[in-house]
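Chemist: With the sequence up front, the predicted model follows.
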Amino acid sequence: MATKIPRKKTIFLVRLMVIITSAYFILFSPSTNKELEIYGYIFIASYLLTNLIVAYIPEKFFYDDKIFFGFILCDSILLPAGIYFSGYIGSDLYLMFFFIISLTTMSSRFGYLMINTLFFSVIYGWLLYQKGFLAGPMAVGYLIQIPFIIVIALFYGYLITTRLRDKDKRIHEVRERYEQIVQATDVLMSIVDHDGKVLFANQKLLKFYGYPDEKSLSGLTISQIYNEDETEAEKSLSYVRSAYQNNDTVHYESYDKNHGIWFTHTLSPIRDESSRDIFAVCIISKDITDRIAKEKNLSDTIELLRRTRDQLIQKDKMAALGRMASGIAHEIRNPLGIIYMGVDYLENHLPDDDPQIRETIEKIFNAVNRADNIIKNVLSFSRQSEYKITQLPLCPLLDNVLTLAEQTIQKSGVSVRREYDDKLLEVAGDYNVLEQVFLNLVNNAVDAMKDSKEKILAVRAYKLLAAEVGYKTGYRQTDFFRMGDEMIVVEISDTGKGIPQDVLPKIFEPFFTTKPVNEGTGLGLSIAHMIIDRLSGTIDVESRENQGTTFFIKLQPICKLTDTRGGT
Amino acid sequence: MTNNIKVLIIDDEVDFCYFVQKNLMQNGPFEVIIATNGKDGIELAKKEKPGIILLDLFMPDMPGEDVAAALKENTATTDIPILYVTALATNDDIADSKENKIGNNYILPKPVRTKKLIEIIMKILGET
């Protein structure tokens, strides 16, 4: 039915009017039959009682036509009973009864109205006959009332059906307009029930998923139509339920693997006009593949800009550091030069055979040497102003580093293990600086195993997808690698004495060293860290005392930007 | 006396010049003259025609490179070998170069010991 009348209300109204008119007749009846009057009161009381029962029957039962018209029919039979008890039969007020019955035609079924009218006429006719009205002098007058009722019912029924037909036509027009909108739209549109079963789908959706017509969708859920796998289906069903439960619009995005298309879905609950209950959910699915591509593009561009900006800042920093380093180098090495020459002069003038003097001079030279080494390191780092970043074959580079360190390795009795996942791994970097970093780490590793029983240096190289980031001592990983990014990892591990936990966080700090004075400047790892940082990579360390240390160097697999940092 | 090698040292670090002078003269057949700025250095070179010039790269009045260029231009001094003795190393090659050379000039980073300085001077003079 296109139009819906609140049926429970109608029934209530009918029954209320039956009670009012019956009570009226009983009170103002000219009859003196007290016995009938009592029956009349009992009738009204029980009728009120049944109304209470009606109040507790849920609305939806009244939309079952059989129940609804059953009620109306029941009332049509009970009404003459009321008239009978009132003893007021024969009054023209019978028309009141009829209008009450007519109210029920608001339920819009012409056939039911006529059946009801006939029922009422028969019972009324029988009542008249029973009371002897049809035998009296006014017989024709009473008899004519029955066809009169039927004629009025016909007329009334006709009026209402015509009106309803007009109304239906208008509804049909509106419906058609909406239908046109729904079908003309570029989005996939469907209406689903609580379990995701499709109640309606627009042409666009049918065509997109290759269904000939709406009927071929019957019994299918929206996930089945969208070809979703189990987890996806579970997810989309949960969104449908959420729209139901929260009575609110839900948005989500999903990827259609079969079509290679990104969708954004909007789920809006559809409510029943009268009850305001949600009985379905409208799903609008829009193709946003272009937008996603543009977003990706944009975020890539932002990423590139960010990198460029970082590099510019870094370039400035390096230039400043270079200037400062050169200045310091000049200012310190000049006095150092004087000290050297001065001590040489003293050496020539002091007695040779005094061991204390020779020792003192030796100590001065060592001290100057130490200072000079630090200056040299800082200078050489700050002078690496321009990296030539290219795609480098990694394994030959590592092999070369091991060859360079061969002498130290053999002398220390260290055995080398090379574990390359793939001989053809490539990284983005500057050959010389990477060599410097790896050589530094290899030398450190060999050093650390000086007093170990087992001396194994393992060099590993493999590919890894960034998943868990920034979890060790190194930092800035999140700046260079995003979840899912490919990284090339180089591991250099030893079975040496390890690094104490309290020292671990400090090892990348400049000038931090645990080596004895004269053996290390404390710049090796900090320079390695800065170099790897400049190559948009990370360096981490894991260490256990007396078990060994592993350095993890994560590098970019592909050149993203050429490093053009200016020099000093 | 005529066998002595005349060394001209041009450096604004007066103390350095003084010790180099003393040390060289004590340890070898050297005669050392000193200029504490570029201009004086060029004049002295022209006048004294030293066998070798030790030149600082960074001096207040003019950079060592300019001094070297001026010396090369002058016919009287053009053949004198130059050894840069400098605290300011501006190129990776300087520190790491085993040849102690940039282009045609020799270089020695400060600080340097007398023994090494004499060794290099002798090497240069042996080559030329």
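Modeler: Cool, the structure landed. Residues are numbered from 1 along each chain as shown, chains lettered A, B, ... in the order given.

Chemist: Do a quick rundown of the strands in chain B.
Modeler: With DSSP state E as the criterion, chain B has strands at B:5-10, B:30-35, B:52-55, B:82-86, B:101-102, B:105-109.

Chemist: Likewise for the stretch 151-300 of chain A?
Modeler: Ranges of strands within the stretch 151-300 of chain A are A:188-192, A:198-201, A:250-256, A:261-271, A:278-287, based on DSSP state E, counting those that start in this stretch.

Chemist: Can you tell me which of those is packed in deepest?
Modeler: Stretch with highest mean neighbour count among the strands of the stretch 151-300 of chain A: strand A:188-192 (a mean of 22; mean count of other C-beta atoms under 10 Å in any protein chain shown). Yep, even glycine has a C-beta here, placed from its N, CA and C like the rest.

Chemist: Who are the packing partners of that one?
Modeler: strand A:198-201, helix A:203-208, helix A:222-225, strand A:278-287 (3 or more C-beta pairs under 8 Å, 6 or more residues apart in numbering or on different chains; DSSP states H and E).

Chemist: Please name the residues that touch the most centrally placed residue in chain A.
Modeler: The C-alpha lying nearest the average C-alpha coordinate of chain A belongs to residue A:252 (C-alpha atoms, centre = their mean; 5.9 Å). Taking C-beta atoms under 8 Å, 6 or more residues apart in numbering or on different chains as the criterion, residue A:252 is in contact with A:235, A:236, A:239, A:264, A:265, A:267.

Chemist: My guess is the last one contacts residue A:280. True?
Modeler: No. The pair residue A:267 and residue A:280 fails to qualify as a contact (C-beta atoms under 8 Å) at a distance of 10.6 Å.

Chemist: you'd agree residue A:84 is up against residue A:128?
Modeler: No. With contact defined as C-beta under 8 Å, residue A:84 does not count as touching residue A:128 (10.8 Å).

Chemist: Beta-bridge partners for residue A:541, please?
Modeler: Residue A:541 has these beta-bridge partners by DSSP bridges: residue A:551.

Chemist: likewise residue A:461?
Modeler: Bridge pairing for residue A:461 (DSSP bridges) gives the partners residue A:420, residue A:490.

Chemist: Near it, how many other residues are there?
Modeler: Residues within reach of residue A:461, counting by other C-beta atoms under 10 Å in any protein chain shown, total 23.

Chemist: Return the distance of it relative to residue A:549.
Modeler: 18 Å (C-beta to C-beta, to the nearest Å).

Chemist: Residue B:25 now?
Modeler: Distance from residue B:25 to residue A:549, counting by C-beta to C-beta: 53 Å.

Chemist: Who has more neighbours out of the two?
Modeler: Under the criterion of other C-beta under 10 Å, the comparison of residue B:25 against residue A:549 puts residue A:549 first, with 24 against 14.

Chemist: What separation do you get for the more buried one and residue A:491?
Modeler: Residue A:549 sits at a distance of 11 Å from residue A:491 (criterion: C-beta to C-beta).

Chemist: Ok, residue B:50 next?
Modeler: Taking C-beta to C-beta, one finds residue B:50 at 58 Å from residue A:491.

Chemist: before we move on, what about residue A:184?
Modeler: Taken as C-beta to C-beta, the span from residue A:184 to residue A:491 is 61 Å.

Chemist: So for these two, which residue has more residues nearby?
Modeler: residue A:491 (18 against 10).

Chemist: my guess is that one contacts residue A:551, does it?
Modeler: Yes. Residue A:491 lies in contact with residue A:551 (C-beta under 8 Å); the separation is 7.0 Å.

Chemist: For residue A:178, grab the count of nearby residues.
Modeler: Neighbours of residue A:178 using other C-beta under 10 Å come to 10.

Chemist: what do you get for residue A:28?
Modeler: Taking other C-beta under 10 Å as the definition, residue A:28 ends up with a neighbour count of 11.

Chemist: Residue A:138 too?
Modeler: Residue A:138 sits with 11 neighbouring residues when counted by other C-beta under 10 Å.

Chemist: State the phi and psi torsions of it.
Modeler: phi -90, psi 20 (degrees, to the nearest 10).

Chemist: now it: how far from residue A:130?
Modeler: On the measure of C-beta to C-beta, residue A:138 and residue A:130 end up 16 Å apart.

Chemist: low pLDDT regions in chain B?
Modeler: B:1-2, B:88-104, B:128 (pLDDT under 70).

Chemist: whoops, the stretch 351-500 of chain A was the one
Modeler: A:382-386, A:467-479, A:482-483.

Chemist: 80 instead, please
Modeler: Applying pLDDT under 80 to the stretch 351-500 of chain A flags residues A:352-353, A:376-388, A:466-485.

Chemist: in it, which spans are strands?
Modeler: A:390-393, A:415-420, A:426-429, A:456-465, A:486-494.

Chemist: and of the strands of the stretch 151-300 of chain A, who's closest to residue A:532?
Modeler: strand A:250-256 (35.4 Å; C-beta to C-beta).
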